[in-house]
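Participant: Need a 3D model of the sequence below.
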Amino acid sequence: MARLFALVCLLAAGALAQPVTVAAASSLGPPLRAIIARYQHRGGEPVRLVLASSGKLYGQIRSGAPYDLYLPAANRYRKNLEVRAAKVLARGVMALYFPPHTGIAAQDLGQLTDPRIRRIAIANPRFAPYGAAAVAALKAKGLWTEVRKKLVYGESVAQAARMAAFAADAGLIDLGSARQLPGSHRALPLNLYPPIAYPALLLSDRPEARAFFAFLSSEEAQEVLFAYGLRKP
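Facilitator: From the prediction side, this is the model:
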């Protein structure tokens with residue numbers, strides 16, 4: 001009877017356990033889903049993933065959203081947050097992307113001046129580091145004035161990638177998304193835009209949150225990140 005009671009208590013505790021909630025930049029969606037699957041396959045606690053632009057998530061956290069971890073696409077989003085621990089996971093890479101209907105093989109940013117390219121999708125630079133990086137790259141190549149009227153904005157880089165594939169003629173998006181889309185893409189030189197760093201910020205003292213935070217630094221998790229087009233910090 002005592003064993004049965006202990007089992008019932010254990011099952012009840014498991015049912016009541018709250019998943020680790022991870023708020024992450026949308027560009028981290030695919031690799032994080034793969035990492036979470038591996039983590040749970042190893043017996044880790046359930047993890048709930050919330051994806052949006054870094055700026056939108058930052059605003060939610062500042063307003064009291066109860067996230068355990070925050071993984072933005074820029075170090076600046078650590079400002080004014082109560083962080084228990086932090087580490088930089090990877091560096092993002094931006095890509096020039098053309099969908100199949102254009103018939104254009106991606107080579108360099110100068111192709112965006114082609115009259116066939118009427119709409120160029122980027123993330124909103126106010127909220128998404130990839131959007132700010134896109135603007136910086138265009139200015140670095142002296143193309144900003146010529147192409148700025150062609151720009152259409154997604155709330156996040158993931159939304160910009162969808163727009164680039166289905167509603168625009170080109171996109172400046174993250175390399176991970178570009179690799180998954182039909183069409184042509186090319187990684188942009190890293191010196192064209194400010195570094196896109198992906199920090200992992202631990203916001204909670206929950207043991208379950210600390211365990212997943214530690215797993216993000218494991219060799220297995222790092223291999224997944226790099227397989228999705230990210231680079232070492």
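
Participant: next helix or strand past the lowest-mean-pLDDT helix or strand in the chain?
Facilitator: Of the helices and strands making up the chain, the lowest-confidence element is helix 2-16, at a mean of 43, by mean pLDDT, DSSP states H and E. Sequence-wise, the next helix or strand downstream of helix 2-16 (DSSP states H and E) is strand 20-25.

Participant: elements contacting that next one?
Facilitator: Here strand 20-25 touches helix 29-41, strand 47-52, helix 54-62, strand 69-71, helix 207-215, going by 3 or more C-beta pairs under 8 Å, 6 or more residues apart in numbering; DSSP states H and E. Heads up, the C-betas are built off the backbone N, CA and C, glycines and all.

Participant: in what helix or strand does residue 153 lie?
Facilitator: Going by DSSP H and E, residue 153 is part of strand 151-154.

Participant: Keeping just the C-alphas, turn that strand into CSV.
Facilitator: Taking C-alpha atoms only, strand 151-154 is exported to CSV below (Å, rounded to 0.1, in the frame of the first residue of the first chain):
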residue,chain,number,x,y,z
LEU,A,151,11.9,46.7,-48.7
VAL,A,152,9.0,44.8,-47.1
TYR,A,153,9.2,44.0,-43.4
GLY,A,154,8.4,40.9,-41.4
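
Participant: Report the distance from that strand to the chain centre.
Facilitator: In terms of C-alpha atoms, centre = their mean, to the nearest Å, the centre of strand 151-154 is set 17 Å apart from its chain centre.

Participant: for the next helix or strand after that strand, the distance to its chain's centre please.
Facilitator: The C-terminal neighbour of strand 151-154 among helices and strands, as given by DSSP H and E, is helix 157-166. In terms of C-alpha atoms, centre = their mean, the centre of helix 157-166 is found 13 Å from the chain centre.

Participant: which residues are contacting helix 157-166?
Facilitator: 25-27, 29, 51, 53, 73, 97, 99, 120-123, 128, 130-131, 152-154, 170-174, 177-178, 181-183 (C-beta atoms under 8 Å, 6 or more residues apart in numbering).

Participant: if we go to 6 Å?
Facilitator: Helix 157-166 is contacted by residues 26-27, 97, 99, 121-123, 128, 130, 154, 171, 173-174, 177, 181 when judged by C-beta atoms under 6 Å, 6 or more residues apart in numbering.

Participant: Buried members of those into ChimeraX, please.
Facilitator: Those of the contacts of helix 157-166 that count as buried under 16 or more other C-beta atoms under 10 Å are selected in ChimeraX with:
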select :26,27,97,99,121,122,123,128,130,154,171,173,174,177,181
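
Participant: So which of the contacts of helix 157-166 sit within strands?
Facilitator: 97, 121, 122, 123, 154, 171, 173, 174 (DSSP state E).

Participant: separation between the first one and residue 109?
Facilitator: Think residue 97. 12 Å (C-beta to C-beta, to the nearest Å).
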